[in-house]
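Enquirer: Sequence and predicted structure below; questions after.
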Amino acid sequence: MQRVIVLDNLAQEGLDLLAAAEGVEYEVRIGLKGDELREALSQFDGAICRSGVKITPESLVGNSRLKAIVRAGVGTDNIDKPASTRAGVVVMNTPAGNTLSTAEHAIALMLAMSRNVAPANQGLVEGRWDRKKYMGTQVAGKTLGVVGLGRIGLAVATRAKALEMNILGYDPFMSQERAADLGIELVATVDEMLPDIDYLTVHTPLTDETRNLIDLPQLERIKPGARLVNAARGGIYNEQALIEGLKSGKLAGVALDVYVDEPCTDSPLFGMEGVVCTPHLGASTEEAQTQVAVEAVGLLTDFLLNGQIKNAVNVAALDAKTLASLRGYLDVAYRLGRLAVGLLPSGIASCRLTARGEISGKDTKLLTSAFSCGLLDGVFEEEVNLINAQMLLEDRGIKLTTESQSGMGAFRSSLTAEFESSQGVMHKVVGTVFGESMPRLVALDGYRLEAYLDGCLLIFTHQDVPGIIGGVGNICGEHGVNIAQMAVGRAGDHPGGEAVGILNLDAAPSAEALEAVRQLPAISSAQVIHLPEADELPSWLQG
Ligand SMILES: NC(=O)c1ccc[n+]([C@@H]2O[C@H](COP(=O)([O-])OP(=O)(O)OC[C@H]3O[C@@H](n4cnc5c(N)ncnc54)[C@H](O)[C@@H]3O)[C@@H](O)[C@H]2O)c1
Ligand SMILES: O=C(O)[C@H](O)COP(=O)(O)O
């Protein structure tokens, strides 16, 4: 059973879908933080949140169960992405579900600010008929600056055009042509638009570039009497600068839906003349909440039940078809990683993975992650998976490069892993898939062979002389170890040189049995390596 925790208010339609999902159970626990949040997260496979909960690195300490967090909404700034990746947790969002509602809210704020809706209403509530006091301004014919011409910025711009406003836009990722098609005059910098705008609205994420985008120096440039709207993220306007701009009269109005610290119930801005504020309500409509809740539940259940990754903000997308088509080679990559650790138990300093043939055209990043998982499995308390493996490897300074070669060689597809210890000991192994899903080792350090890549492997190198296989077989028999499969390989075509043998054993041989093999005259080395059976594979490889 996959367990899901819902950490914020989620529309009933989403909860109904969770309730109906087979193989999924859920709990709603709102308002968690600190140790309570950390403990709760460690008991669930997936989490759904909005902006009300903060997932910090501490929230994920010791995580071994949580695999995904889905944000029912756009902004994932309340989720620590590097910490999530490190903890093997994929973070996804629902970017489009609340676009229109948020754009409408920005427009609503702009109009409410222009027509003093909030204080006029308050006046009536308090018994005053203040018609003169609340003289407003018309937006038609005025100029609106829009910073950030993504989903919401563009939706605001098109609505503002319908209100007969002129639009100046700034977004480094928007072309002049596209802006012109939409009736937006694109400017080269925010500073450039400031002297010309009557209204400014921002629709960017909060980043190092957008933090304090409007501060005191920008207020120097801005047209006197300008009105500012922020329904994106607190901190894009410097709150102290807004207060000073209002006090000096440079700003005629400020409308905010978002704040530097949320929840925010105590700000010097609240109650100032010309200010209208809402408590982060941009996405709070029935339509938006239904849409993001349904989408979030779909994303989470598709991931937990089918391994599909969509709208991820910390890893590449992975659809169920790609996963299914790659599963055999992900398995081989993972097993080669495990084999590498077995062959170099004292540690690996660097590795190279080469995908050959048909597989080279597929998602080699995923294969690299699977190989990394094999290298690191069992090393950490928490599960190593496709999300965190490469980052954990980098953290440890282990170099891993990936190559693709379209030429097939002896197999339609194969994966070659070369790895080296810090002492300079090197190995090279090649794996492939027989049929649909049978992983095989087809070369080891230059010896060609065909060995199973699962269970208990007895690997020995020896002189290619008669009697070796019999000798090793006898020792296994004497020690009660059954041989399931056997593969031998020569370096070249001629007998008499160096060779390798791999026996797949039904049980691990005792230390005495292994020592007896090592003592055979022509044997130069022997070791036992355990690779996983099908039911011992990590969860992300099963399915
Ligand atoms: N108030 C709310 O309830 C609410 C609801 C939804 C979204 N939001 C917030 O609104 C913001 C925009 O959301 P969206 O869905 O339109 O995102 P989006 O990704 O579609 O658009 C963001 C745009 O900002 C632009 N941008 C990035 N850095 C920039 C910079 N330095 N200068 C100018 N432009 C820059 C990008 O090119 C992009 O076009 C986000 O911060 C989101 O979290 C708030
Ligand atoms: O980024 C978002 O989607 C908005 O800020 C909405 O946040 P909410 O889901 O907490 O209303």
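Expert: Here it is on my side, so go on. Numbers count the residues shown, from 1 in each chain. Ligands and ions are numbered 1, 2, ... in the order given.
Enquirer: Going by C-alpha atoms from here, please, whenever you check contacts or count neighbours.
Expert: Fine.
Enquirer: Next one: stretch 213-228, is it in contact with ligand 1?
Expert: No. For a cut-off given as C-alpha under 6 Å from any ligand atom, stretch 213-228 has no contacts with ligand 1; the smallest distance is 8.3 Å.
Enquirer: chain center to that stretch: distance?
Expert: Taking the mean of its C-alpha atoms, stretch 213-228 sits 37 Å from the chain's own mean (C-alpha atoms, centre = their mean, to the nearest Å).
Enquirer: can you tell me the distance between the two ends of that stretch?
Expert: 12 Å (C-alpha to C-alpha, to the nearest Å).
Enquirer: Would you mind listing what in this structure touches ligand 1?
Expert: Within the chain, the positions near ligand 1 by C-alpha under 6 Å from any ligand atom are 74-75, 95, 98-99, 102, 147-153, 170-173, 203-206, 209-210, 231-233, 257, 280-283.
Enquirer: Separate out the buried members of the residues you listed.
Expert: Buried positions within the residues of the chain next to ligand 1, assessed by neighbour count (16 or more other C-alpha atoms under 10 Å), are 74-75, 95, 98-99, 102, 147-149, 151-153, 170-171, 203-206, 210, 231-233, 257, 280, 282-283.
Enquirer: How much space separates whatever residue of the stretch 401-543 of the chain ends up closest to ligand 1 from residue 271?
Expert: When scored by C-alpha to the nearest ligand atom, the stretch 401-543 of the chain has residue 540 as its residue closest to ligand 1, at 29.9 Å. Per C-alpha to C-alpha, residue 540 is found 53 Å from residue 271.
Enquirer: From what I see, the residue of the stretch 401-543 of the chain closest to ligand 1 and residue 306 are in contact.
Expert: No. Residue 540 is beyond contact range of residue 306, at 9.4 Å (criterion: C-alpha atoms under 8 Å).
Enquirer: Could I get the full set of strands for the stretch 51-200 of the chain?
Expert: Applying DSSP state E, counting those that start in this stretch to the stretch 51-200 of the chain gives strands spanning 68-71, 90-93, 143-147, 166-170, 185-186, 199-202.
Enquirer: One more: the stretch 201-350 of the chain?
Expert: Using DSSP E, counting those that start in this stretch, the strands of the stretch 201-350 of the chain run over 226-230, 251-256, 275-277, 350-357.
Enquirer: ok, residues contacting the second one?
Expert: Identification of contacts with strand 251-256 by C-alpha atoms under 8 Å, 6 or more residues apart in numbering yields 109-110, 113-114, 224-231, 242, 245-246, 273-278.
Enquirer: Tell me the residues of the stretch 51-200 of the chain that contact ligand 2?
Expert: 51, 52, 72, 73, 74, 75.
Enquirer: Could you work out the most separated pair of the residues you listed?
Expert: 52 and 74 (12.9 Å; C-alpha to C-alpha).
Enquirer: Among the residues of the stretch 51-200 of the chain next to ligand 2, which ones are in helices?
Expert: Among those, no member falls in helices (criterion: DSSP state H).
Enquirer: Tell me the one among those residues nearest to residue 24.
Expert: residue 72 (18.0 Å).
Enquirer: backbone phi and psi for the closest one, please?
Expert: As for residue 72, its main-chain torsions (degrees, to the nearest 10) stand at phi -80, psi 80.
Enquirer: Would you check that it makes contact with residue 47?
Expert: No. Residue 72 lies out of contact with residue 47 (C-alpha under 8 Å); the separation is 10.3 Å.
Enquirer: for the stretch 101-250 of the chain, what spans make up the helices?
Expert: Using DSSP state H, counting those that start in this stretch, the helices of the stretch 101-250 of the chain run over residues 117-125, 151-162, 176-181, 190-193, 216-221, 239-248.
Enquirer: how close does the residue of the stretch 351-500 of the chain found nearest ligand 2 get to ligand 1?
Expert: Relative to ligand 2, the nearest point of the stretch 351-500 of the chain is residue 387 (23.3 Å; C-alpha to the nearest ligand atom). As judged by C-alpha to the nearest ligand atom, to the nearest Å, residue 387 and ligand 1 stand 23 Å apart.
Enquirer: Measure how buried that residue is and give me the count.
Expert: When neighbours are counted by other C-alpha atoms under 10 Å, residue 387 registers 25.
Enquirer: Let me know the pLDDT of it.
Expert: Looking at residue 387, its pLDDT is 89.
Enquirer: again, but for residue 373
Expert: pLDDT at residue 373 comes out at 94.
Enquirer: any low-confidence regions in the chain?
Expert: In the predicted model, the chain carries pLDDT under 70 at residues 381-382, 493, 543.
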